[in-house]
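1. My questions are about this predicted structure, shown below with the sequence.
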Amino acid sequence: MTYSLSGDAGDFDQRVRANQAQRRAALRSVYDVIVCGAGSSGSVVARHLAENPHCHVLLIEAGGTDEDEAVMDPSAWPTNLGSHRDWGFHAEPNIHLDGRSLSMSMGKGLGGGSSVNVMVWARGHRSDWNHFAERTGDAGWGYDAVLDIYRRIENWQGAPDPHYRGTSGPVWVQPARDPSPIAGALLDAAQALGIPKFDSPNGRMMESAGGVAYSDMLVREGRRHSLYRAYVYPVADRPNLTILTDTLVRRVLFDGMQATGVEIERSGEILRIAAGTEVVLSTGAINTPKLLMLSGVGARSELERHGIPVLWHLPGVGRNLQDHVSFGCSWEYRKPIPAQNSGSEATLYWKSRSDLDAPDLLFCQVEFPVPSERTALLGVPKHGWTMFAGLAQPHSRGQVRLRSDDPAVAPIIEANMMSDPRDMEAARACVKLCRGLGNSAAFSPYVSREAIPGDGKMIDDAFIRDAAVTYWHQCGTARMGLDDMSVVDASLAVHGIDRLRIADGSVLPRVTTGNTQAPCAIIGERAGDIMRRHHGI
């Protein structure tokens with residue numbers, strides 16, 4: 001089954017299949033650029049480089065195809081969690097969550113997270129991007145410069161807004177179509193509490209103290225429009241682009257301090273492929289530091305612990321792990337209300353304290369129950385909705401370490417959520433606001449009771465620790481910067497290493513305010529632009 005949208009979809013699909021079959025059957029020993037990972041950033045990098053017919057690009061993906069109804073049907077996204085399209089990572093038991101070990105799902109397959117996520121397009125707050133510019137010393141990461149990129153890449157389907165939105169880019173972005181009355185109730189509830197309503201969660205709302213709006217989504221004609229589909233698939237018939245799926249990158253190869261290629265495992269065979277210009281790592285905030293360390297780049301003590309020869313001591317590799325953490329509260333419907341679109345159609349950002357200059361709380365409404373394994377014991381309603389409410393700017397930091405020098409073994413993930421006392425303080429305010437919204441008059445026509453934590457129940461820190469789950473927005477483990485704990489510079493080049501660049505969420509100095517898909521597209525855009533200028537591609 002295919003999912004192209006153009007009138008000649010069948011012919012184009014056939015050309016893509018024939019071309020990629022030919023490319024795989026005649027793998028080159030050397031490509032100009034090797035991009036490891038076909039997710040939200042890697043797809044963007046590969047597209048921009050492959051636009052030059054003289055640049056031979058190899059795009060390597062550990063997972064398989066995206067041609068599956070579970071990927072393309074927006075409402076089916078939860079079925080991908082725990083499937084073969086999920087890396088299936090789990091964090092170590094966390095003493096700050098009473099010993100709980102959280103699932104840390106991450107997309108595996110063409111499109112990466114953009115093929116399994118909830119399809120929300122959230123640009124990040126002005127303060128996020130200006131922070132990145134400050135940390136890197138590069139105004140190109142600042143809000144004004146990034147806004148220009150967003151306008152360039154979007155194909156906006158909502159009300160015209162030329163100051164904030166573009167209409168000719170590859171990324172089809174639309175407001176939630178025909179949203180559920182539950183989503184509308186959230187907008188009304190927020191306004192009743194003095195939280196302003198916006199026409200979009202992007203643009204003006206992300207320059208302010210926060211607000212509420214219907215979500216922007218990557219859904220086109222009722223189908224998921226992943227960043228792989230937006231960027232790579234339209235050029236997958238080109239002879240200079242080779243896409244390898246079901247292929248594990250085992251390590252980066254070096255000649256001295258220069259990256260020269262990669263070692264891969266495919267169909268049980270280990271191969272070495274050279275890169276004439278650069279290697280780009282876009283394997284995500286868990287796999288990218290793992291791959292660096294397996295290749296001899298990382299903290300000396302961590303490498304020596306596994307007998308890995310130290311190519312370059314870079315102590316920040318794997319550090320600074322962060323993720324949005326959520327504390328879901330659920331309500332039971334008076335009568336069943338079917339989920340619309342992806343089942344997540346309204347977004348709210350607000351502040352836990354009035355003295356903050358930017359929102360630090362994130363609320364994503366989910367139109368079905370989403371308990372943790374512990375809060376499920378309180379009783380999950382058969383029909384209901386969840387306020388997936390959490391911390392947009394957590395202070396806690398974790399790390400990724402190697403478990404083994406075997407590339408097939410998952411790393412140690414010490415998520416360390418809620419380890420900073422400031423996060424518990426913000427979480428209390430978060431859950432209080434969550435309940436205030438869900439128990440407001442705006443929802444009374446639709447809900448019969450608060451199911452989790454339960455009508456009248458006092459909220460204590462134990463509930464917060466029991467309810468905590470990830471938003472699956474892992475980032476920060478190879479962050480940009482100029483200090484000794486940074487891993488890449490403003491151009492995303494790895495400090496001290498030639499011809500090796502990182503383009504994924506691991507480079508973010510801090511997690512952005514909101515879902516990380518759109519910021520990862522910006523990372524890919526910047527990497528592609530920088531590489532084309534630097535190499536004249």
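-> Thanks, I have it. Numbers count the residues shown, from 1 in each chain.
2. Could you pull out the helices in the stretch 101-250 of the chain for me?
-> With helices called from DSSP state H, counting those that start in this stretch, the stretch 101-250 of the chain shows them at 126-136, 143-153, 181-192, 227.
3. and if you look at the stretch 351-500 of the chain?
-> Along the stretch 351-500 of the chain, counting by DSSP H, counting those that start in this stretch, helices occupy 421-438, 461-467.
4. Using TSV, lay out the ones you listed together with mean pLDDT, distance to R334 and mean neighbour count.
-> Bear in mind the C-beta positions are built from the backbone N, C-alpha and C, glycine included. As requested, the helices of the stretch 351-500 of the chain are exported to TSV (pLDDT from 0 to 100; distance: least, CB to CB, whole Å; neighbours: other CB atoms under 10 Å):
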stretch	mean pLDDT	distance to R334	mean neighbour count
helix 421-438	96	14	19
helix 461-467	96	24	19
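5. which stretch among the ones you listed comes nearest A521?
-> With CB to CB as the criterion, A521 lies closest to helix 421-438 of those, at 27.4 Å.
6. Dump the C-alpha coordinates for that closest one into CSV.
-> Taking Å, rounded to 0.1, in the frame of the first residue of the first chain, the C-alpha atoms of helix 421-438 are listed here in CSV:
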residue,chain,number,x,y,z
PRO,A,421,13.4,20.2,43.8
ARG,A,422,12.3,23.1,41.6
ASP,A,423,10.6,20.6,39.4
MET,A,424,8.4,19.3,42.2
GLU,A,425,7.4,22.8,43.0
ALA,A,426,6.4,23.5,39.4
ALA,A,427,4.7,20.1,39.2
ARG,A,428,2.4,21.0,42.1
ALA,A,429,1.3,24.1,40.3
CYS,A,430,0.9,22.1,37.1
VAL,A,431,-1.5,19.6,38.6
LYS,A,432,-3.4,22.3,40.5
LEU,A,433,-4.0,24.1,37.2
CYS,A,434,-4.8,20.9,35.4
ARG,A,435,-7.6,20.0,37.8
GLY,A,436,-8.9,23.6,37.8
LEU,A,437,-9.3,23.4,34.0
GLY,A,438,-10.8,19.9,33.9
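7. Give the other helices and strands that it contacts.
-> The contact analysis (3 or more CB pairs under 8 Å, 6 or more residues apart in numbering; DSSP states H and E) places helix 421-438 against helix 181-192, strand 325-327, strand 329-333, strand 361-366, strand 384-391, strand 447-452, helix 461-467.
8. next one: that helix to chain centre, how far?
-> Chain-centre distance of helix 421-438: 24 Å, with CA atoms, centre = their mean, to the nearest Å.
9. circling back to that earlier point, name the stretch among the helices of the stretch 101-250 of the chain that sits most buried.
-> Neighbour counts (mean count of other CB atoms under 10 Å) averaged over each of these peak at helix 227, with a mean of 30.
10. avg pLDDT for that one?
-> Throughout helix 227, pLDDT has a mean value of 98.
11. So which other helices or strands are in contact with that helix?
-> Under the contact criterion of 3+ CB pairs under 8 Å, 6+ apart, helix 227 touches helix 517-535.
12. tilt between the helix it packs on and helix 143-153?
-> Between helix 517-535 and helix 143-153, the angle comes out at 90 degrees (axes from the mean of the first three to the mean of the last three CA atoms, to 10 degrees).
13. how many other residues sit next to G390?
-> Using other CB atoms under 10 Å, G390 has 28 neighbouring residues.
14. Distance check, it against D498.
-> G390 is 40 Å from D498, where distance means CB to CB, to the nearest Å.
15. and the helices of the stretch 351-500 of the chain as CSV, adding distance to F198?
-> Formatted as CSV, the helices of the stretch 351-500 of the chain follow (distance: least, CB to CB, whole Å):
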stretch, distance to F198
helix 421-438, 16
helix 461-467, 28
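16. So for G107, which of the ones you listed sits nearest?
-> For these, proximity to G107 was assessed by CB to CB; helix 461-467 is nearest, at 24.2 Å.
17. mind checking pLDDT for G169?
-> For G169, the model assigns a pLDDT of 97.
18. which one is it nearest to, not counting chain neighbours?
-> Of all residues not flanking G169 in the chain, I153 sits nearest, at 3.9 Å (CB to CB, 6 or more residues apart in numbering).
19. what about the strands in the stretch 151-300 of the chain?
-> 154-156, 171-175, 211-214, 216-217, 219-220, 223-224, 241-244, 247-255, 258-266, 269-281, 297-298 (DSSP state E, counting those that start in this stretch).
20. Export only the CA atoms of the second one, formatted as CSV.
-> Which is strand 171-175. Only the C-alpha atoms of strand 171-175 are listed here, as CSV (Å, rounded to 0.1, in the frame of the first residue of the first chain):
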residue,chain,number,x,y,z
VAL,A,171,5.9,20.9,5.4
TRP,A,172,2.1,20.8,5.3
VAL,A,173,0.9,22.4,8.5
GLN,A,174,-2.8,22.7,9.3
PRO,A,175,-4.9,23.6,12.4
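21. relative to helix 517-535, how tilted is it?
-> Here strand 171-175 runs at 160 degrees with respect to helix 517-535, directions being taken by the same axes, to 10 degrees.
22. can you list contacts of stretch 185-192?
-> Identification of contacts with stretch 185-192 by CB atoms under 8 Å, 6 or more residues apart in numbering yields 197, 211-214, 346, 348, 363, 365, 437-438, 440-443, 445-446.
23. Could I have the buried ones of those residues as PyMOL selection syntax?
-> To isolate the buried ones among those in PyMOL, judged by 16 or more other CB atoms under 10 Å, type:
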select buried, resi 211+212+213+214+346+348+363+365+437+438+440+442+443+446
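24. Pop out the phi and psi values for the closest residue to A122 other than its chain neighbours.
-> In space, and not counting its chain neighbours, A122 is closest to G514: 3.1 Å by CB to CB, 6+ apart. G514 adopts backbone torsions of phi 110, psi -180, taken as degrees, to the nearest 10.
25. So which of the helices of the stretch 101-250 of the chain is nearest D13?
-> helix 227 (19.0 Å).
26. Count residues in the vicinity of the nearest residue to L110 once chain neighbours are set aside, would you?
-> Using CB to CB, 6+ apart and skipping the chain neighbours, the partner closest in space to L110 is D66 (4.3 Å). Close neighbours of D66, defined as other CB under 10 Å, add up to 26.
27. can you pull the contacts of D66?
-> D66 sits in contact with 72, 109-111, 115, 226, 228-229, where contact means CB under 8 Å, 6+ apart.
28. Relative to T283, which of these is nearest.
-> Of all those, G109 has the smallest distance to T283: 12.7 Å, by CB to CB.
29. was I right about the closest one contacting E67?
-> No. Counting by CB atoms under 8 Å, G109 does not reach E67; the two are 9.9 Å apart.
30. doesn't A521 make contact with the residue nearest to G169?
-> Yes. Using CB under 8 Å, I153 is in contact with A521, at 6.6 Å.
31. okay, and the common contacts of the two?
-> Contact criterion CB under 8 Å, 6+ apart; residues shared by I153 and A521: V171.
32. residue ranges for the strands of the stretch 1-150 of the chain, please.
-> Going by DSSP E, counting those that start in this stretch, the stretch 1-150 of the chain shows strands at 30-36, 57-60, 89-90, 103-104.
33. The longest one packs against which elements?
-> Taking 3+ CB pairs under 8 Å, 6+ apart as contact, the helices and strands that strand 30-36 lies on are helix 42-50, strand 57-60, strand 258-266, strand 269-281.
34. can you tell me which residues contact A76?
-> Going by CB under 8 Å, 6+ apart, the list of residues near A76 reads 69-70.
35. Show me where the chain dips below the pLDDT cut-off.
-> 1-8 (pLDDT under 70).
36. returning to that earlier point: report whether the expected contact of the residue nearest to A122 with D360 is present.
-> No. G514 is not in contact with D360 according to CB under 8 Å; the separation is 11.7 Å.
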